[in-house]
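Undergrad: curious how this folds, go ahead:
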Amino acid sequence: MPDQEKLTYSSYLRLDQLLAAQEPRSSEHDEMLFIVIHQVYELWFKQLLHELTKLQLLLEAGESTHSMRTLRRVLAILKIVVAQLDVLETMTPAQFRTFRDALGTSSGFESLQFRELEATLGRRDFPKWAPQPEAAARPSVFDSYLQYLTTQGYEIPAERSGDAIQQVLKHVYDDDASAAAISELLVDVDEGIQEWRYHHIKMVERTIGVRRGTGGSAGATYLRTTLGSPTFPDLWAMRSLG
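TA: Numbers count the residues shown, from 1 in each chain. Below you'll find the model as predicted:
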């Protein structure tokens, strides 16, 4: 095919557009790092959403093996997402201050993809003043997992959280089969999200302390309120059952 013959590494990856997407608003050296890190985050968020969409389809179809493979990929991506903060932390508070004013009213709180990611994983308590993620109107990953359990012969009560669900999950763990292995991978994902939140908070605190964030956001003060809120609370609570 003529078009295929013209395809190159650069054209396939659209490197001209990709490498032209960094447009610092100041002449400060460290602004480039700030831009690249956040653009890469958005790419990883896109990939995570892509993988979680597939995961939900696999779970609802009762696919154990491929669900576990997809969850392991999600976990590998989360490790990279957390590790990227180490790179951003090479920037000192003084270096950040040199270009902070150039950021204007922009803020990481405006990341639509991250809100979609949170909603896909199950969050529903988004502030009413913020644009509501589309995923909040769809079944969450945990909902898809409960559907998966029905394909494995478990009866799911009408109440989708709380004591009744936790008893089902305990039964899953007692059986110690594929469903339990998937549960543990979901807990790994939960830990990965919480690890990212903690590391993100510490990065913000070491950069701007407890001052307000860019765009007037509450910064670390708000971020700390997200700690200790598990993504899949029933998978944690069932461990306390006798």
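
Undergrad: quick one: the helices in this structure?
TA: 2-6, 9-13, 15-19, 31-60, 64-88, 93-100, 112-121, 141-151, 163-175, 178-208, 220-225, 233-237 (DSSP state H).

Undergrad: what's the distance between stretch 93-110 and the middle of its chain?
TA: Centroid separation for stretch 93-110 versus its chain: 23 Å, with CA atoms, centre = their mean, to the nearest Å.

Undergrad: between the helices of the chain, which gets nearest to residue 133?
TA: helix 112-121 (4.0 Å; CB to CB). Placement of C-beta: from N, CA and C, glycine included.

Undergrad: packing partners for that closest one?
TA: On a contact count with 3 or more CB pairs under 8 Å, 6 or more residues apart in numbering; DSSP states H and E, helix 112-121 meets helix 31-60, helix 141-151.

Undergrad: got the angle between that helix and helix 141-151?
TA: 30 degrees (axes from the mean of the first three to the mean of the last three CA atoms, to 10 degrees).

Undergrad: residue 79 against residue 191, yeah?
TA: No. Residue 79 is beyond contact range of residue 191, at 11.0 Å (criterion: CB atoms under 8 Å).

Undergrad: hey, which helix or strand in the chain has the poorest pLDDT?
TA: Scoring the helices and strands of the chain by mean pLDDT, DSSP states H and E places helix 220-225 at the bottom, with a mean of 63.

Undergrad: grab the most central residue of this structure for me.
TA: residue 117 (5.1 Å; CA atoms, centre = their mean).

Undergrad: look up how far residue 126 lies from that residue.
TA: 12 Å (CB to CB, to the nearest Å).

Undergrad: got it, and residue 163?
TA: If you go by CB to CB, the gap between residue 163 and residue 126 works out to 26 Å.

Undergrad: and what of residue 115?
TA: Residue 115 is 7 Å from residue 126, where distance means CB to CB.

Undergrad: same question, residue 34
TA: With the distance defined as CB to CB, residue 34 ends up 26 Å from residue 126.

Undergrad: pick out whichever of these two has more residues nearby.
TA: Between residue 34 and residue 126, residue 34 has the larger neighbour count (other CB atoms under 10 Å), namely 20 against 14.

Undergrad: who's in contact with that one?
TA: With contacts defined as CB atoms under 8 Å, 6 or more residues apart in numbering, the neighbours of residue 34 are 88, 91, 96, 99.

Undergrad: any residues in contact with both of residue 115 and residue 126?
TA: Taking CB under 8 Å, 6+ apart as the contact rule, the neighbours common to residue 115 and residue 126 are residue 133.

Undergrad: thinking again about what came up before, the residue nearest to the centre of the chain is in contact with residue 47, isn't it?
TA: No. With contact defined as CB under 8 Å, residue 117 does not count as touching residue 47 (10.5 Å).
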